[in-house]
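*Asks:* turn this into a structure:
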Amino acid sequence: MTVRARSRLAKWAFLLPAIVYLAAFFGYPLINNVVMSFQHYTAATFFTGEAPFVGWANWRAVFADPVFGRAAVNTVLFTVGSLVGQFGIGLLLALYFRRNFPLSRLLRSLLLLPWLVPLVAAGMVWRQILDQEGGVLNEFLHATGLISQNIPWLSSPQVALLSVVLVNIWIGIPFNMVILYGGLQEIPSDLYEAGAIDGAGRWRTFRSITWPMLRPVVAVVLLLGFIATVKVLDIILVLTGGGPANSTESLSTQVFQNSFMNLDFGRGAVVGNVLMGACLVFAVIYLRTNRKEVS
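*Replies:* Model prediction:
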């Protein structure tokens, strides 16, 4: 065996465990989910082992359901609103903590708490805070004279989605702040010194130095944030359960509703495939954009 052949064999030997792991724990579930979406797969299937092929019937039924359309729109609004809020506030905090000042480390540690709290526990706390009658938020707004009537944060179709978005923003800010802060630390200080010598102000420094150098980190943060946000389930279930009047239904809650409430795993797989397709499209856009920036 030649040296080149041995080198190739060694490379494949190192790659084989990763390939087997990805195929077993990622490839098989994905393929099985696609196949399941074309079957009449119910709770009885677990006992009989029979899942008749029904073609596109599950897909037609899901897309004909008006709740699915509402859930898709809500998912877009929820994802975009959460990403904009999380990223914007996270970036401002990262820029703020880039300066060294007393208690900066302590404050950064405290801001990580929302990220460390289990989502179900955080949802229960926020449900009490946003309660229409005895919630802390309404009591505070009453005390400051900002409102005269209690706001139905979680029981009004016009306000419930906004409330869920705000809670999710609160949860995601620490992740954005930590990653962006790490990216800011990698920017050479010499560039800022050169900009100061040239008379660049804060806005010009941010636009010409900070943002271009931070752009690769921003792309990663937005990609991971999108994947994490588009599939959020627990916060929505704890706060509103998808209500009122389907105003907070999302594709994730539709997967839960079809699969574990209605026990129709075929239709649940359809919605799951739509979610995976959305993540795949976003990932492809990210990779193409990142490749152009590198070029």
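*Asks:* which elements pack onto the helix ranked longest in the chain?
*Replies:* Ordering each helix of the chain by length in residues (DSSP state H) puts helix 66-97 first. Helix 66-97 sits against helix 104-111, helix 160-185, helix 211-230, helix 251-256, with contacts defined as 3 or more C-beta pairs under 8 Å, 6 or more residues apart in numbering; DSSP states H and E. The way it works is simple: take the backbone N, C-alpha and C, and place the C-beta from them, glycine included.
*Asks:* mind showing which ranges of this protein have poor pLDDT?
*Replies:* 1, 290-295 (pLDDT under 70).
*Asks:* ok, now with 80
*Replies:* Along the chain, segments meeting pLDDT under 80 span 1-3, 99-104, 115, 198-201, 286-295.
*Asks:* just want the most central residue of it.
*Replies:* Nearest to the mean C-alpha position of the chain, by C-alpha atoms, centre = their mean, lies T229 at 1.7 Å.
*Asks:* which residues touch it?
*Replies:* The contact partners of T229, by C-beta atoms under 8 Å, 6 or more residues apart in numbering, come to F78, T79, S82, L83, Q86, N168, G172.
*Asks:* mind running it again at 10 Å?
*Replies:* Counting by C-beta atoms under 10 Å, 6 or more residues apart in numbering, T229 touches 75, 78-83, 86, 165, 168-169, 171-172.
*Asks:* dump stretch 240-256 to PDB, restricted to CA.
*Replies:* Only the C-alpha atoms of stretch 240-256 are listed here, as PDB (Å, rounded to 0.1, in the frame of the first residue of the first chain):
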ATOM      1  CA  THR A 240     -50.600  31.200  26.300                       C
ATOM      2  CA  GLY A 241     -50.900  27.600  25.000                       C
ATOM      3  CA  GLY A 242     -51.300  29.100  21.500                       C
ATOM      4  CA  GLY A 243     -54.300  31.200  22.400                       C
ATOM      5  CA  PRO A 244     -56.300  33.300  22.700                       C
ATOM      6  CA  ALA A 245     -58.100  32.600  19.500                       C
ATOM      7  CA  ASN A 246     -55.000  31.100  17.900                       C
ATOM      8  CA  SER A 247     -53.200  34.500  18.100                       C
ATOM      9  CA  THR A 248     -50.000  32.900  19.400                       C
ATOM     10  CA  GLU A 249     -50.100  29.600  17.500                       C
ATOM     11  CA  SER A 250     -46.800  28.800  15.800                       C
ATOM     12  CA  LEU A 251     -45.500  26.000  13.600                       C
ATOM     13  CA  SER A 252     -43.900  24.500  16.700                       C
ATOM     14  CA  THR A 253     -47.200  24.500  18.600                       C
ATOM     15  CA  GLN A 254     -48.900  23.000  15.500                       C
ATOM     16  CA  VAL A 255     -46.300  20.100  15.600                       C
ATOM     17  CA  PHE A 256     -47.200  19.600  19.300                       C
END
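*Asks:* buried set for that stretch?
*Replies:* Of all the residues in stretch 240-256, those buried under the rule 16 or more other C-beta atoms under 10 Å are 240, 242-244, 246-256.
*Asks:* stretch 29-44 too?
*Replies:* N33, M36, S37, F38, Q39, H40, Y41, T42.
*Asks:* L106: which of those residues is nearest?
*Replies:* Checking the buried residues of stretch 29-44 against L106 with C-beta to C-beta, the nearest one is N33 at 45.1 Å.
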